[in-house]
Every structure is written in structure tokens, then in C-alpha cells.
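**Q** predicted model and sequence below, questions to follow.
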Amino acid sequence: MSVTRVLIANRGEIALRILRACRTLGIGAVVAYSEADHDSLPAQLADEAICVGPADARRSYLSAAAMISAALVTGCDAIHPGYGFLSEDAGFAEAVLAHGLTFVGPPPAVLERFANKERTRRLLAEHGLPTIPGSDGMLRDESHALAEASRIGYPVLVKPSAGGGGKEMRTVRTPRELEAALPVCRSEARAAFGDDSLYLERYLPENRHVEVQVAVDAAGNGVHLGERDCSVQRRHQKVLEEGPTAALSPERRDELCDRAIRALVATGYENVGTLEFLVDPDGEFYFIELNCRIQVEHPVTEMLTGIDLVGLQLRIAAGEPLPIRQEDVRIRGHAIEMRINAEDPAHEFRPQAGRVGRYLPPGGPGVRMDSHLFAGYEVPPYYDSLLGKLVVWGDDRDVAIARAKVALDDLVLEGVVTNREFHRALLDSEAFRAGTFTTALLDRVGAAAFLGKQRRA
């Protein structure tokens, strides 16, 4: 490989995941860390670690200059941005290349092409993917928004064009609600993404959220690696992911995946990516957005296919041809990923911090724990609450659910309040076990109320 030493420009479990992929491929790895993460597990295990700034992410993990300087000082020839932070920043990717380094992800031109969510939606529609009715371009002002919402039909989703991961979206059901929401949504989008442009999409109240994992090399050879169901959400934020989905028949699943990879290859995409869709009760699917990075839930696909997606990212970025063909991809069994977060489900999932006491990850057949935790680790209050991802695999969904429950019981994690009890209640719920839930499962009654109901059962 032409990539020999990688700067990992991220933190937490994904930094450790990238580190392990590098070692598997014989690539040197340097971890960039903030002052708050100086004793983190990735920093301890890396070949070398370098501080890139204070706890404030804007001056460390979001600082392009700091990351590029760190890569050059430590002799790296590539930067892997993980997810979040700078992972989909076309300007950062361009600067990485300008300094003679390899960006592990889509090239800058590809990131720029898909940076605008509404423009991406129109581009993929031109290449054959069905989309949910939405506004014609960005919302220019209030009158334009009201006219577009009337044409689309209420309720509508107000979405930031530069957003992703379900953040800063808002559902409005009346013109008055839309008038009140617009300035708030613009302010939130500007604060979160540095871009206050918004667009509208028709809101589908009962739907499943299904995404297709793809990989495309520089020569335009592409494969899909099946789909994941991400319908268990709280306020548009994913809580649990699984695959394959129960929302589609085998024929519709094949159609979704085939159309997704064909459309994306036609647009000139490169590297690993994920296309997200909503599926209605009739099994009709609609493209909503493209994520040009590795996903938090990528282990679901790895468990189903046996393919190392981070390793695939590194190989493609190094200029290697895709090592697999579509006929090589085999989906086996069922996988479930539970996000273990430092948050209190009994109090509206309030974020938590503190020192980890005893910690022992679960094990056994078909069990994987991706986490940066260790006994004595101080969970910082500055970043995302994700502590780890508990992933299980089984021959079928019932076996996977059973293993998930055992794994949750076996997980020893003391000193910090987490959402583990909530996951156990979810796995025991009738709707989840039946596979009949939609994205409204938690928000309909409130996640805390859902947890209380399971406690009383």
C-alpha cells in the first residue's frame, strides 16, 4: 500500500477502531488527541500520539490546521477523519491533498458534490432513485417556505442542507408552526454546521429508516454490502441498528440495494459511503441523504459480511482496486448494534460524565464490543455521549436478540449512568420483538415513559 503511516483525526471508539484496522494492514498509526483525551485508550495504544489542542473541539478535533500540522510533524502520509468532526469537510480534504497527504475518504470534489443535502437529493433522483416530495431548492425566505409547504402538504420536515445524522431537523404541521420554526432552525443550523440554508421534505409519520452500505474504487467499480435498519430513533437520533431489515421482502431488498449502488456509481462517487432511505408501510422506498464517511453503525455490516469496512476505506484511499465483486458479498444471519451512551434514560436521556469504576466487556460467540473504555477512565463532558457499541450476531433475528440480552447482562460498567437498562427494555418490548415498529416507536410516548412501562411489566 502507498499509505504507510496514518494520522487518526478523531477520538473515542472510532479512533481505536481505525487504529486496529491500520495494524491489521501493517500501517503505522498516530492518534491526534485533545488535552481532555490525553490519557485515552487510543492515545495509549497508538504507535505515537500528539496533542492537537484544548478540550474545545473547535480548537482541536475541528481544527484543520492543527490536524495537518500534526500529520506532517509525525511523518504521516495520510489522515483518517473517522466520522463527525472533519470527516465530510471538502475544504479540509482539499488542504490534506495540498500538503501531499492522502485523505482517507471520498476525494474533495466528491465531498463538494454531495455537500448540499437538497442538491444531492435531486442528483440521485436524476439517476433513478425515488425521493420524497420536497421544496424546489433552498428556502429563500418565509414566503417561499410557506408556498413550498402548501404545495408539498403538511406535515413537513425542515432540514438543514449541510446537516447529517438527523441533527437539527424539525417537524411542523401548520403554517404558524413553520413561521415560528424557520428562524430557530436557521440559527441551529448555523451553529451546528456553519450553514443556515434549509429545505423542506414531506414528513412520513410511519416509516422505517433503512440504509445501504456501498464501496466504490477510483476506477468506478462498486458494490453494495447489504442494508441496515436504523428505525429505533429518539428525536431523529439512532439508538439501535440491525440488519437485515424486516421492512422489505427479499425482492424489494435486492431492488433497493441494486438501484442504490448503480445510482451512486453513476454520480462518480468514490470510497465507502451510505445511502439512507425511508420505507413506507407498503414497502416503497425513498432516498433521503448520502453520508460520505464511515458510519457509527458500520459494525452491523461487518458482522453480516465479514468485510472490514475501515480496511476497505484505507485500501481504496491508497489507490487499490476494490478487492471484492458483488458476487463475493454474502449476507449471513442477523446482527444488532446497541449504542451504549453516557446518558440517563429516566431523565430525558440527560448526558452524563464521571469516572468509570469496574469495566468488563461481554464476550462469547457472536459478541463484539467496540469501546475505548477502561477502569479509571474519566468520561469527559465535552463530546458526544457514545461510550461504545455492543454488537451481536446470530443465525437469525431471535438468536441475535437472545445474545443481545445476555451480552447486556454480562456488561460490567460502573461509575457512569448509561442507557443499558433502556436497551434491555427495548429488546423485551413486543413491538421490537415482532419487528413491526417504525421510527415513531420511542417519540410517540417518550423514551422515558417507554422505559417505565417495561419496568412495570
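**A** Great, that's in hand. The shown structure was predicted, so the numbers you read here are calculated from the model rather than taken from an experiment.

**Q** tell me the secondary structure at the closest residue to N221 other than its chain neighbours.
**A** Nearest-residue entry for N221: L322, 4.7 Å, with adjacent residues in sequence omitted and distances by C-beta to C-beta, 6 or more residues apart in numbering. Every C-beta, even on glycine, is put in place using the N, C-alpha and C of the backbone. Under the three-state scheme (DSSP: H, G, I helix; E, B strand; the rest coil), L322 adopts coil.

**Q** F422 against D344, yeah?
**A** No: the criterion here is C-beta atoms under 8 Å, and F422 misses it with D344 at 9.6 Å.

**Q** which one of these two has more residues nearby?
**A** Neighbour totals were compared for F422 and D344, and F422 leads with 25 against 16 (other C-beta atoms under 10 Å).

**Q** in a helix, that's where the more buried one is, yeah?
**A** Yes: assessed by three-state DSSP, F422 belongs to a helix.

**Q** number the residues from 768 up from this point.
**A** I'll keep to 768 as the first residue from here, and by that count the last item is F1189.

**Q** ok, it to D1165 distance?
**A** From F1189 across to D1165, the span is 21 Å (C-beta to C-beta, to the nearest Å).

**Q** can you name the next helix or strand after the helix or strand encompassing V1158?
**A** For V1158, the element it lies in under DSSP states H and E is strand 1153-1161. Downstream of strand 1153-1161, the next assigned helix or strand under DSSP H and E is helix 1164-1177.

**Q** continuing past that following helix, what's the next helix or strand?
**A** As assigned by DSSP H and E, the chain's next helix or strand after helix 1164-1177 is strand 1179-1180.

**Q** contacts for that following strand?
**A** Identification of contacts with strand 1179-1180 by C-beta atoms under 8 Å, 6 or more residues apart in numbering yields 1107, 1123, 1125-1127, 1140, 1154, 1187.

**Q** which ones among those map onto strands?
**A** Counting by DSSP state E, the part of those found in strands is 1107, 1126-1127, 1154.

**Q** any quick ChimeraX command for the buried ones out of the residues you listed?
**A** Buried residues among these (16 or more other C-beta atoms under 10 Å), as a ChimeraX selection:
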select :1107,1126,1154
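
**Q** nearest to S854, of the ones in strands among the contacts of strand 1179-1180?
**A** Comparing the ones in strands among the contacts of strand 1179-1180 against S854 with C-beta to C-beta places L1154 closest, at 20.0 Å.

**Q** how near is the closest one to D1137?
**A** L1154 sits 10 Å away from D1137, going by C-beta to C-beta.

**Q** shared neighbours, these two?
**A** Residues touching both L1154 and D1137 (C-beta under 8 Å, 6+ apart): E780.

**Q** just the helices in the stretch 918-1067 of the chain please.
**A** Applying DSSP state H, counting those that start in this stretch to the stretch 918-1067 of the chain gives helices spanning 942-960, 1017-1033, 1065-1072.

**Q** how about residues contacting stretch 1123-1135?
**A** Outside stretch 1123-1135, the residues within contact range by C-beta under 8 Å, 6+ apart are 1066, 1070, 1136, 1138, 1140-1146, 1155, 1157-1161, 1167, 1170, 1173-1175, 1177-1183.

**Q** can I get stretch 1044-1058 as CSV, trimmed to CA atoms?
**A** Presented in CSV, the C-alpha positions along stretch 1044-1058 are these (Å, rounded to 0.1, in the frame of the first residue of the first chain):
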residue,chain,number,x,y,z
PHE,A,1044,-33.9,5.7,2.7
LEU,A,1045,-37.3,5.9,4.3
VAL,A,1046,-39.6,2.9,3.7
ASP,A,1047,-43.4,3.4,3.9
PRO,A,1048,-45.8,0.7,5.2
ASP,A,1049,-46.3,-0.5,1.6
GLY,A,1050,-42.6,-1.2,1.2
GLU,A,1051,-42.0,1.8,-1.1
PHE,A,1052,-38.6,3.3,-0.5
TYR,A,1053,-37.4,7.0,-0.9
PHE,A,1054,-33.9,8.3,-0.9
ILE,A,1055,-33.2,11.0,1.7
GLU,A,1056,-29.5,11.5,2.1
LEU,A,1057,-25.9,10.3,1.5
ASN,A,1058,-23.2,10.0,4.2
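
**Q** how far does it sit from the chain's center?
**A** Mean-position distance between stretch 1044-1058 and its chain equals 17 Å (C-alpha atoms, centre = their mean, to the nearest Å).

**Q** can you name the farthest residue from the center of this structure?
**A** Relative to the centre of the chain, the most outlying C-alpha is that of S910, 34.0 Å out, by C-alpha atoms, centre = their mean.

**Q** what sits against that one?
**A** Not one residue lies near S910 by C-beta under 8 Å, 6+ apart.

**Q** which stretch of helix or strand covers it?
**A** Using DSSP H and E, S910 falls within helix 909-919.

**Q** need the three-state assignment for the residue nearest to Y828 when sequence neighbours are not counted.
**A** Leaving aside its sequence neighbours, Y828 sits nearest to F852 (C-beta to C-beta, 6+ apart; 4.6 Å). Secondary structure state of F852, per three-state DSSP, is coil.

**Q** neighbours around F852, how many?
**A** Neighbour tally, F852, other C-beta under 10 Å: 21.

**Q** ramachandran coordinates for it?
**A** Per-residue torsions, F852: phi 40, psi -120 (degrees, to the nearest 10).

**Q** wait, it touches A824, no?
**A** Yes: F852 lies in contact with A824 (C-beta under 8 Å); the separation is 6.9 Å.
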